[in-house]
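[1] Need coordinates for the following:
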Amino acid sequence: MTRVVWKSGKVLSIQIRDDLYVLAQVGESPYLAMFDAFRPSDDWDGVDLQATPVLYYRSVTRQFLKFAQLAVRKDVAPAEGLEVPTRWLRVGGGGRELTIWPDTPHEMTVMTFGEEGV
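    Predicted coordinates:
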């Protein structure tokens, strides 16, 4: 694992599966800009982040930076003029009922909580 020092504009590759990598760019703390740039290996020849769409911005923690499979990509030029959005969509925050295994003898209704809940 690579130790990552937070510096705006730094380009990172993140291994998200054994055979899948994505490019991200460090922005205003604590946000990463995640690009629509995926590869089966950590080879980024010919990638132009200025011409690659940003999929989303995501806040990350120190633990993520410490334990994720990251590599600093000095061979990929950062995108210029990226700005962290000032307006956000709020996801979740409450709870909802969810019926699992419907119409079976094992049907049950559960309550989910939190912004990542289904």
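[2] For the rest of this, base every contact and every neighbour count on C-alpha atoms.
    Will do.
[3] What is the longest strand of the chain by residue count?
    strand 31-39 (DSSP state E).
[4] which residues of this structure fall in strands?
    Using DSSP E, strands in the chain cover 11-17, 20-26, 31-39, 54-59, 70-72, 95-100, 108-113.
[5] ranking the ones you listed by burial, who's on top?
    Scoring those by mean neighbour count under mean count of other C-alpha atoms under 10 Å gives strand 20-26 as the most buried, with a mean of 23.
[6] on that earlier part again, indicate which one of the strands of the chain is closest to Val47.
    Nearest to Val47, of all these, is strand 31-39, at 8.0 Å by C-alpha to C-alpha.
[7] List the neighbouring strands of that closest one plus their orientation.
    Here strand 31-39 is paired, per DSSP bridges, with strand 20-26 (antiparallel), strand 54-59 (antiparallel).
[8] Name the residues that touch it?
    Strand 31-39 has contacts (C-alpha atoms under 8 Å, 6 or more residues apart in numbering) with 19-27, 47, 49, 52-60, 84.
[9] mind checking the backbone torsions on the residue in the chain sticking out farthest from the centre?
    Going by C-alpha atoms, centre = their mean, the residue of the chain most distant from its centre is Pro105, 38.6 Å out. In terms of degrees, to the nearest 10, the main-chain angles of Pro105 are phi -60, psi -20.
[10] ok, back up a step: taking their axis directions, the longest strand of the chain and strand 11-17 sit at what angle?
    Here the directions of strand 31-39 and strand 11-17 differ by 60 degrees (axes from the mean of the first three to the mean of the last three C-alpha atoms, to 10 degrees).
[11] how far out from the middle of the chain is strand 31-39?
    For strand 31-39, the gap between its own C-alpha mean and the chain's C-alpha mean amounts to 7 Å (C-alpha atoms, centre = their mean, to the nearest Å).
[12] what's the answer for stretch 28-37, then?
    Relative to the mean C-alpha coordinate of its chain, stretch 28-37 is positioned 7 Å out (C-alpha atoms, centre = their mean).
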